[in-house]
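Trainee: Here is a sequence together with a model predicted from it:
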Amino acid sequence: MASRRDKAKKTRATMDVADVVLQQRQRSALKEAARARKLLLGGALPAARKSFEASIAQAPYDMDVVALVADGLAEMGHRDRAIEILQAALAHNPANETVLLIVGKIAQNMDCPDIAAKVFAAAIDLNPSEPSYYVNLAESYRQQERVDEAVDLVKGSLEMFPESAMLWNLMGTLMINQRNNALALTFYQEALRLEPGNDAVLLNIANLEFDGGDPTSRYRRAIALNPDNHAAHVGLATYLLLNGDLKEGWEHYEHRKLGDEGYGKSVRFTFDLPEWTGQTLAGKSILVMAEQGLGDELLFGLNFKRLYEEAGQLYIGCDPRLVSIFKRSFPNAIIAGFEDQRLEGRRYRSFPSIQRHLKKIDYGVWAGSVPQYWWPDTASIPHMETGYIKPETGLVETCRPLVARSEGRLKVGISWRSGNLSFERSEFYMGLRGIRRVLANRHIDCYCFQYGWDQSEIDWLQKEMGYPVFTFPDIDLKDDLEANLALMAHMDVVIGPATATQQLAMSAGVPAWTIMGGAPWWQFGHKGAGPAFAPASVWSWCQHGLGQEGLCRIIQGVMGVYFEKYTEINLALLKATVDRVVEDYMAVFPDVDINDFMDTYEQSLVI
């Protein structure tokens, strides 16, 4: 008996030692992964790769380590290696629901919905009674634009789980993807009936009501239920700003710094500076930091002139494409382009050439946070009718032969979509058919400013409109903003949806007509383009309630009548006439068909 007890003790001791060794390896692996992350953020990519590999070698099946290493390697561009690590973890625990759930979530964070779909399908095989697995699988389909498959899956799942608010909520989102907002609202309301305190559902309903109603009560209720619902704060902020309530709007807008939702996710900066909160800048230095997309960066750049004048030294961290442009406008500022890394589902941003000066910089501020101190109301927003950036003079002359077409014709720069055309955003863009409706006029020369254009798109437009669409095949319209500005200087007007192209034109003082679905929040309670860019125009088919076809038909009809009567180009007169005709049609809408209205109107229209 003593011998058996000794053997048992020895076995337990051996197991305890093994557990201790395993825990030590896990701690060491996590420490190494943290070191790798630090190296990655510091830009030491070869050393970071080596450190990540050392980490996973010590604990290849520990899910905390797997998550850190796979995400880090994917960010560095080693996606195949990251997938290999995930697959190894799955192979080691093929029938473990917890492992499947973790790997599925990692795959979603890595923007690998194809892998996530396989993982959640396996989770359903293991446990078909868990509704969240069906939600995640359907969401993975949706992210792959396999919307019909996602709809079929959710329909079947609702037969099994009719009380699942998550499934009804997702079905609402899928209906939006299928352009059926009325049915989407029905599904969202059912989700809310099942879970009245679900702040995510309230947020979805508020977003759906944004362009056709008053979503403020929904946003406020969602925030009351969950003060950390940052997307609800930002949604409320944009609605308040759109309607001219700037003071409260900017307060809620600060939550954009905290949220992890949306196509870009919140940026994180790799350094710390004392935050500027509106104090005097006399004799002080300040770094204003780009945080969002190019269009937002240009909008918030309206504050650069005042910062430049008031600060002892202005530092501007911006999109690398804007460095030379901002240097021309603010010659004594120190300007540098950002560098981004993506890790653990977040963007980490640095300004390497500026960060050498950090000890000399008194304050830092996110570009979108300056307005809360300087724009408390619409009257305080700077007016930039002629823009605040300018093209390079020599380049303007170099580009002149590229736009030297027929004299006396309206030179129109066009775009029709965004480069980031997700399901959620696509409904707000004109598309090819929209731009064709507007420009079906023989008195126009069209120049393509759509970056990433495809020849098939140009061929279709030319066939439908019956006249050429001129392109710049030797110019990268996305990356070469200097060339964009130089070409825009020759345009009479730039027409398109609310993209960076339109914001670039407005920032340079080029006449711009923005035609879109939703109303842009930077109207700040005004009609048109708002107080900052007064000469520009904004028409929203959701805001007017006309639908895209109706609004585009009015603009096309007014332009046609104008050019039949006049040879001189008067954009202010054209803009005012479009506004008047929209108001006249709204007085009889929806009783009168838009085409019947315009056919009659064009016979008697006085401009």
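Mentor: Structure's in. What do you need?

Trainee: hang on, residue 317 is in a strand, isn't it?
Mentor: Yes. Counting by DSSP: H, G, I helix; E, B strand; the rest coil, residue 317 is part of a strand.

Trainee: That one touches residue 297, doesn't it?
Mentor: No. Look at residue 317 against residue 297 with Cβ atoms under 8 Å: they stay out of range, at 10.1 Å. Bear in mind the C-beta positions are built from the backbone N, C-alpha and C, glycine included.

Trainee: Now do the shared contacts for those two.
Mentor: Counting by Cβ atoms under 8 Å, 6 or more residues apart in numbering, the residues touching both residue 317 and residue 297 are residue 290.

Trainee: and the one helix or strand residue 220 maps to, what other elements does it pack with?
Mentor: Using DSSP states H and E, residue 220 maps to helix 216-225. Of the remaining helices and strands, those touching helix 216-225 by 3 or more Cβ pairs under 8 Å, 6 or more residues apart in numbering; DSSP states H and E are helix 199-209, helix 230-242.

Trainee: Can you lay out the ones you listed as a markdown table showing distance to residue 546?
Mentor: Shown next, in a markdown table, are the helices and strands packed on helix 216-225 (distance: least, Cβ to Cβ, whole Å):
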| stretch | distance to residue 546 |
| --- | --- |
| helix 199-209 | 18 |
| helix 230-242 | 18 |
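
Trainee: out of the ones you listed, which comes closest to residue 132?
Mentor: Closest approach to residue 132 among these is made by helix 199-209 (13.3 Å; Cβ to Cβ).

Trainee: Provide the contact partners of the closest one at residue level.
Mentor: Applying Cβ under 8 Å, 6+ apart, the set of residues contacting helix 199-209 from outside is 165, 169, 172-173, 176, 181, 184-185, 188-189, 191-192, 195, 215-216, 218-219, 221-223, 225-226, 229, 231-232, 235-236.

Trainee: let's see 7 Å
Mentor: Residues outside helix 199-209 that contact it (Cβ atoms under 7 Å, 6 or more residues apart in numbering): 165, 169, 172-173, 181, 184-185, 188, 191-192, 195, 215, 218-219, 221-222, 225-226, 229, 231-232, 235.

Trainee: again, but for stretch 400-419
Mentor: With Cβ under 7 Å, 6+ apart as the test, stretch 400-419 has contacts from 425, 429-432, 434-435, 439, 443-452, 470, 472, 478, 487-488, 490-497, 499, 501, 567, 569.

Trainee: Return the distance of it from the chain's centre.
Mentor: On the basis of Cα atoms, centre = their mean, to the nearest Å, stretch 400-419 is displaced by 27 Å from the centre of the chain it belongs to.

Trainee: just how off-centre is the helix holding residue 220 within its chain?
Mentor: In terms of Cα atoms, centre = their mean, the centre of helix 216-225 is found 23 Å from the chain centre.

Trainee: Now do the buried residues in that helix.
Mentor: 216, 218, 219, 221, 222, 223, 225 (16 or more other Cβ atoms under 10 Å).

Trainee: Average pLDDT for stretch 313-330, rounded please.
Mentor: Throughout stretch 313-330, pLDDT has a mean value of 98.

Trainee: What's the end-to-end length of it?
Mentor: End-to-end span of stretch 313-330 (Cα to Cα, to the nearest Å): 11 Å.

Trainee: buried set for that stretch?
Mentor: Buried positions in stretch 313-330, judged by neighbour count with 16+ other Cβ under 10 Å: 313-319, 321-323, 325-326, 329-330.

Trainee: Out of the contacts of stretch 400-419, which end up buried?
Mentor: So, by 16+ other Cβ under 10 Å, the buried ones in the contacts of stretch 400-419 are 429-432, 434-435, 439, 443-451, 472, 487-488, 490-491, 493-497, 499, 501, 569.

Trainee: No more questions from me, cheers.
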